[in-house]
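In: how would this look folded up:
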Amino acid sequence: IGKPLDYYVLEEDCHYSITWPSKYGCPVDQNSFLFGLSGWGFVTMFTVGVTLYLGVGIGINMSQRGIPFGPEAIPHLEFWQELPVLCSEGFNFAREKVNEAMGNKKSNYERVDGVEYEWG
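Out: Okay, the predicted model is just below:
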């Protein structure tokens, strides 16, 4: 491990950054985060991707399907409207299964012929 006298301290406006060199630490490539992109590179690519998805999708819906400009022109609108409900149901199902496995609560699902049905 590094020696106590081998550390570096950077001080800026009451913020300290201490680096303690050691051969046991993991090497970090500061220029590569995901697929060779830094953090801001990833955010930029994500934003460009979403913009292209919406722009091309809205353009296709308006020109080929005759949908007027507005929320109805968003591509795969039904999916995006159902996504919050699907995520909530999936989270609740997983939470119930964990509680059931831990013996804390009985499931709201009934097993019939090897298939689970929800009790409304």
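In: tell me the pLDDT at residue 66?
Out: Residue 66 is assigned a predicted lDDT (pLDDT) of 93.
In: any idea how far it lies from residue 94?
Out: The gap separating residue 66 from residue 94 is 41 Å, by Cβ to Cβ, to the nearest Å. For glycine as for every other residue, the C-beta is placed from the backbone atoms N, C-alpha and C.
In: helices of this protein, residue ranges please.
Out: Taking DSSP state H, the helices of the chain run over residues 39-63, 77-102.
In: how about a markdown table for these, with distance to residue 70 added?
Out: Conversion of those to a markdown table gives the following (distance: least, Cβ to Cβ, whole Å):
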| stretch | distance to residue 70 |
| --- | --- |
| helix 39-63 | 9 |
| helix 77-102 | 10 |
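In: need these in a markdown table (columns: mean pLDDT and distance to residue 24).
Out: As requested, these are exported to a markdown table (pLDDT from 0 to 100; distance: least, Cβ to Cβ, whole Å):
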| stretch | mean pLDDT | distance to residue 24 |
| --- | --- | --- |
| helix 39-63 | 92 | 26 |
| helix 77-102 | 92 | 36 |
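In: closest one to residue 71 among the ones you listed?
Out: Residue 71 sits nearest to helix 77-102 of all the helices of the chain, at 7.2 Å, using Cβ to Cβ.
In: what comes up buried for that closest one?
Out: Residues of helix 77-102 classed as buried: residue 96 (neighbour count, 16 or more other Cβ atoms under 10 Å).
In: quick one: it to helix 39-63, angle?
Out: Put simply, helix 77-102 runs at 130 degrees to helix 39-63, going by axes from the mean of the first three to the mean of the last three Cα atoms, to 10 degrees.
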